[in-house]
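**Student:** Predicted coordinates and the sequence they were generated for:
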Amino acid sequence: MTLKSLLKSAIAVGAHRTGLSRIIASRYRGRGAIFALHSVVDDISPYPDQTLRCAADKLAWVLQWLKDEEWDFVSIDDAVRRLRTRDARPFAAFTLDDGFADNLTHVLPVMERFDAPFTVFVATGMITREIDAWWFGLAALVRKQDRITLGGLGWLVGPHLELLRAVADAYAGATGRRLPINGAGAAGAALADAGFPPSTVRGVVLIARTAGLVAHLAEEMERPIGMPLWLEAEHRSSAAAAE
């Protein structure tokens, strides 16, 4: 751990332990939160459609944290009513899109345990089979494979991206560990392969990352998640240390 990351952790822990984070949150956080979920699974195995899935134990952890922080669990209709009033208590509403079967088998038991209402928006086209849900089949196919090779895409990969892959392969061969390539490196290599001068691609990537940072800051101001993320990391590290 670097000195910078250690300092950040110390500030976060200090703010949490002293109650400063709660004071700041009471001034700057929103009046409530609406959680938009899709599928809830009983394990944390990697999925190709990972952004649509949430582990049941993670959902339970979030509900427990909200309960400990004295958030009210409300329906989506009650959430709208609260936004029209001046109720000072923070609230949390839960919605689930598409109507996955696991909403009944995995979500309902967890939500009943915390007496938390939730709303399911069912994609009726799934019931009538008017929707060709090809992505489900693709995800199932990908999960069954240890390795997938995409052919016929050579025109997308130029010498700079090939060099990145060669470096990653060489590192894996020498250390036995995988070398992840970050987005800035991959974007820079792709831009260079597309004909952009290598001396300018860093600026393009920097502008893109700056735009993303502004978006993250705007979202954090409206829906703060920094402290919940820190508390989850602290919880997991404590559990791992106990084991």
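**Tutor:** Received, thanks.
**Student:** So which residues of this protein form strands?
**Tutor:** Taking DSSP state E as the test, the strands found in the chain are 32-37, 39-41, 53-55, 72-73, 91-98, 118-122.
**Student:** helices or strands up against the shortest one?
**Tutor:** Translated: strand 72-73. The contact analysis (3 or more CB pairs under 8 Å, 6 or more residues apart in numbering; DSSP states H and E) places strand 72-73 against helix 56-68, strand 91-98. Bear in mind the C-beta positions are built from the backbone N, C-alpha and C, glycine included.
**Student:** How far does the last one sit from its chain's centre?
**Tutor:** Taking CA atoms, centre = their mean, to the nearest Å, one finds strand 91-98 lying 16 Å from the centre of the chain it belongs to.
**Student:** Next, the angle from it to strand 118-122.
**Tutor:** Interaxial angle of strand 91-98 relative to strand 118-122 (axes from the mean of the first three to the mean of the last three CA atoms, to 10 degrees): 20 degrees.
**Student:** What pairs with strand 91-98, parallel or antiparallel?
**Tutor:** In the sheet, strand 91-98 lines up against strand 32-37 (parallel), strand 72-73 (parallel), strand 118-122 (parallel) (DSSP bridges).
**Student:** Out of the helices and strands packed on strand 72-73, which gets nearest to residue 138?
**Tutor:** Among the helices and strands packed on strand 72-73, strand 91-98 comes nearest to residue 138, with 16.0 Å by CB to CB.
**Student:** Only C-alpha atoms, please: export the closest one in CSV.
**Tutor:** Only the C-alpha atoms of strand 91-98 are listed here, as CSV (Å, rounded to 0.1, in the frame of the first residue of the first chain):
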residue,chain,number,x,y,z
PHE,A,91,-35.4,6.1,2.1
ALA,A,92,-34.5,3.3,-0.2
ALA,A,93,-36.8,1.8,-2.9
PHE,A,94,-36.0,-1.3,-4.9
THR,A,95,-37.0,-2.1,-8.5
LEU,A,96,-36.2,-5.1,-10.7
ASP,A,97,-36.4,-5.0,-14.4
ASP,A,98,-37.5,-7.7,-16.9
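**Student:** distance between whatever helix or strand comes next after that strand and the chain's centre?
**Tutor:** Going down the chain from strand 91-98, the next helix or strand is helix 102, by DSSP states H and E. Here helix 102 shows a centroid-to-chain-centroid distance of 19 Å under the convention CA atoms, centre = their mean.
**Student:** Need the outlier residue of the chain, farthest from its centre.
**Tutor:** For the chain, the residue at maximal distance from the C-alpha centroid (CA atoms, centre = their mean) is residue 197, at 34.0 Å.
**Student:** among the strands of the chain, which gets the worst mean confidence?
**Tutor:** Mean pLDDT values for these show the minimum at strand 53-55, a mean of 87.
**Student:** For the residue nearest to the spatial centre of the chain, give its distance to residue 112.
**Tutor:** Computing the C-alpha centroid of the chain and ranking residues by CA atoms, centre = their mean puts residue 51 first, at 6.8 Å. Using CB to CB, to the nearest Å, residue 51 is found at 26 Å from residue 112.
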